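Visitor: Okay, structure incoming, though there's no sequence with it:
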Ligand SMILES: O=C(O)CCC(=O)C(=O)O
């Protein structure tokens, strides 16, 4: 069993059930508590980021274990009607008896948690860091170099319910992680539209509609609330990110 040390931190609360009535619901706020940054993206979307979730050495021990022992595959997926090889390695772990995960026309084999005890250790640490949260499945990604990436998407598959919580732990090479608000269709009524019939217009994005993080070795990033409904995220190609990065995204199948 790998020996672990986590960074000490205060337990964090979930989305504020009793928000300040004077605050614009679209306004985003940032709060820092004991190593964790809480970013309220507005409208019920929230991101938490802890750069030093796991200690440096434990993170390397996990990295080497995962790199060597996970049965990584690089499947063919279907994106916008086209077949392509997924630009990163993947593996999937889930508790028994839940619906199968299917994304981009691909249904990964679900391995059991019992086959990879260190994954259960990391899951326990994530549960401890996020009191009240529960995860029962895990999608693993391995980026072998700067060409490996994940394009803009939301983890909004039905099996995760309307407000999925995703806890993402990173090991190895640092990579950029971007969040971008989905363009919202606003109905423009006749009065505001010079008397024309109602029409749909797409609201333009501004700076507060984008966020970026550098996901550090041993870090934890959590997306909560309506983040998957209202935002998309990506890990873009980076020529200079030549080394391997492994990422674990813990999810709850409802
Ligand atoms: O590698 C990451 O940090 C993100 C992975 C991701 O977006 C996903 O698995 O859906």
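Guide: That came through, no problem. Because the structure is a prediction, the values reported are computed rather than measured.

Visitor: Next to the ligand, which bits of the stretch 101-250 of the chain? Give me the list.
Guide: Proximity of the stretch 101-250 of the chain to the ligand, by C-beta under 6 Å from any ligand atom, involves residues 139, 141, 150, 155, 168, 177, 215, 233, 235, 247, 249. All C-beta atoms are positioned from the backbone trio N, CA, C, and that covers glycine.

Visitor: can you pull the contacts of residue 87?
Guide: The neighbours of residue 87, taking C-beta atoms under 8 Å, 6 or more residues apart in numbering as the test, are 147, 148, 149, 150.

Visitor: May I have the phi/psi pair for it?
Guide: phi -80, psi 40 (degrees, to the nearest 10).

Visitor: Phi, psi for the spatially closest residue to residue 65 that is not a sequence neighbour please.
Guide: Spatial nearest neighbour of residue 65, excluding adjacent residues (C-beta to C-beta, 6 or more residues apart in numbering): residue 118 at 5.2 Å. When read as degrees, to the nearest 10, the backbone of residue 118 gives phi -60, psi -30.

Visitor: returning to that earlier point: closest one of the residues of the stretch 101-250 of the chain next to the ligand to the ligand?
Guide: residue 247 (3.5 Å; C-beta to the nearest ligand atom).

Visitor: That closest one belongs to a helix?
Guide: No: according to DSSP: H, G, I helix; E, B strand; the rest coil, residue 247 belongs to no helix; its state is strand.

Visitor: That one is in contact with residue 148, isn't it?
Guide: No: at 10.7 Å, residue 247 and residue 148 do not qualify as touching, with contact defined as C-beta atoms under 8 Å.

Visitor: what is in contact with the two at once?
Guide: Common neighbours of residue 247 and residue 148 (C-beta under 8 Å, 6+ apart) are residue 142.

Visitor: The closest residue to residue 63 other than its chain neighbours: neighbouring residues, count only.
Guide: Nearest non-adjacent residue to residue 63, counting by C-beta to C-beta, 6+ apart: residue 171, 4.0 Å away. Using other C-beta atoms under 10 Å, residue 171 has 27 neighbouring residues.

Visitor: Across the sheet, point out what pairs with residue 171.
Guide: Taking DSSP bridges as the rule, residue 171 bridges to residue 246.

Visitor: What ranges does the stretch 51-200 of the chain have for its strands?
Guide: Taking DSSP state E, counting those that start in this stretch as the test, the strands found in the stretch 51-200 of the chain are 76-79, 82-85, 89-94, 137-143, 150-153, 166-172, 175-181, 185-188, 199-202.

Visitor: as a whole number, average confidence for the first one?
Guide: For strand 76-79, mean pLDDT rounds to 92.

Visitor: thought residue 73 was touching residue 88?
Guide: No: here residue 73 does not reach residue 88: they are 10.6 Å apart, not a contact under C-beta under 8 Å.

Visitor: Compare those two and say which one has the larger neighbour count.
Guide: Remark: of residue 73 and residue 88, residue 88 carries more neighbours, 19 against 13, as counted by other C-beta under 10 Å.

Visitor: Ignoring the adjacent residues along the chain, who's closest to the more buried one?
Guide: Excluding the flanking residues, the one nearest residue 88 by C-beta to C-beta, 6+ apart is residue 148, at 4.4 Å.

Visitor: who's in contact with that neighbour?
Guide: By C-beta under 8 Å, 6+ apart, the contact list for residue 148 reads 87, 88, 89, 142, 237.

Visitor: low-confidence ranges in the stretch 1-150 of the chain?
Guide: By pLDDT under 70, the weakly predicted segments of the stretch 1-150 of the chain are 1-27.

Visitor: before we move on, the earlier item: from the residues of the stretch 101-250 of the chain next to the ligand, which would you call buried?
Guide: 139, 141, 150, 155, 168, 177, 215, 233, 235, 247, 249 (16 or more other C-beta atoms under 10 Å).

Visitor: how much space between residue 131 and the ligand?
Guide: To the ligand, residue 131 is 23 Å away according to C-beta to the nearest ligand atom, to the nearest Å.
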